[in-house]
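**Student:** Quick one, fold the following:
(2 chains)
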Amino acid sequence: EAGVTQFPSHSVIEKGQTVTLRCDPISGHDNLYWYRRVMGKEIKFLLHFVKESKQDESGMPNNRFLAERTGGTYSTLKVQPAELEDSGVYFCASSQGQGTPYEQYFGPGTRLTVT
Amino acid sequence: ELKVEQNPLFLSMQEGKNYTIYCNYSTTSDRLYWYRQDPGKSLESLFVLLSNGAVKQEGRLMASLDTKARLSTLHITAAVHDLSATYFCAFRPMNRDDKIIFGKGTRLHILP
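**Tutor:** Okay, here's the model as predicted:
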């Protein structure tokens, strides 16, 4: 069974440009999460989808970030316009359900570099 | 505040030596995690610890949990080069939706 996949693996853009990251969760997983690790810092929660609905978006840094999950399958995270401080690794995770005993499975991450 | 203090953040050690990574977390949790990440790869779940006094071992790695002290340790026995990676401690706070709170990670470099 395929794990969580993310595309692209690495993106380099200039400040002010737009970038869209994609996450494909494990098939059948209703829950999808986005996290981000800025260099040298902890991995931080951004938001949580249950199917196509946003359950918790308390970690989204500002309104330059827009996450969508149309149809409850894959998700996109758009950064527009990108700023230097947005550089980091963006992880996606998915789980079959919420709470115990469901675990989150992580993708390899997308490394975003804003120059 | 929900947070994890992990130390050390960088560790360079010789093969064959033992060492321990410490993890303190801030609030009551129903799950304590240890993950491993190799460069460019996914976060690999190593251990999930559920209860006070839990101890789990896999090869040269052993994790333990003290929920009263809100402390977990990851002990490395007779380190080998293949264990070089970044190790993250994380917890899921009780009754706080489904987010996982991570530490900054410990970058472990084992010298041959």
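**Student:** For stretch B:74-88, list every residue counted as buried.
**Tutor:** The neighbour-count check on stretch B:74-88 (16 or more other C-beta atoms under 10 Å in any protein chain shown) flags B:74, B:76, B:79, B:83-88 as buried. Every residue, glycine included, has its C-beta placed from N, CA and C.
**Student:** Reformat the residues you listed as TSV; add pLDDT and secondary structure.
**Tutor:** Formatted as TSV, the buried residues of stretch B:74-88 follow (pLDDT from 0 to 100; DSSP: H, G, I helix; E, B strand; the rest coil):
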residue	pLDDT	secondary structure
B:Leu74	98	strand
B:Ile76	96	strand
B:Ala79	94	coil
B:Leu83	96	helix
B:Ser84	96	coil
B:Ala85	96	strand
B:Thr86	95	strand
B:Tyr87	97	strand
B:Phe88	97	strand
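**Student:** burial measure for B:Ser51, as a count.
**Tutor:** By other C-beta atoms under 10 Å in any protein chain shown, the residues close to B:Ser51 number 9.
**Student:** my read: it touches B:Ser64, true?
**Tutor:** No. Contact criterion C-beta atoms under 8 Å: B:Ser51 and B:Ser64 do not qualify, at 11.3 Å.
**Student:** Just give me the closest of the buried residues of stretch B:74-88 to chain A.
**Tutor:** Of all the buried residues of stretch B:74-88, chain A sits closest to B:Phe88, with 6.7 Å by C-beta to the nearest C-beta.
**Student:** who's the closest one bridged to?
**Tutor:** On the basis of DSSP bridges, B:Phe88 is bridged to B:Tyr35.
**Student:** how close does it get to A:Tyr74?
**Tutor:** Shown here: B:Phe88 relative to A:Tyr74, a distance of 25 Å by C-beta to C-beta, to the nearest Å.
**Student:** hmm, stretch A:90-105 touching chain B?
**Tutor:** Yes. Interface with chain B: stretch A:90-105 contributes A:91, A:95, A:98-100, A:103-105 (C-beta under 8 Å from any C-beta of the partner chain).
**Student:** Going by neighbour count, which of those comes out on top?
**Tutor:** Within the residues of stretch A:90-105 next to chain B, most neighbours by other C-beta under 10 Å means A:Phe91, with 27 neighbours.
**Student:** which SSE is it in?
**Tutor:** Following DSSP states H and E, one finds A:Phe91 within strand A:88-95.
**Student:** on contacts alone, who are the packing partners of that strand?
**Tutor:** With contacts defined as 3 or more C-beta pairs under 8 Å, 6 or more residues apart in numbering or on different chains; DSSP states H and E, the secondary structure elements packing on strand A:88-95 are strand A:5-7, strand A:19-24, strand A:31-37, strand A:105-106, strand A:110-114.
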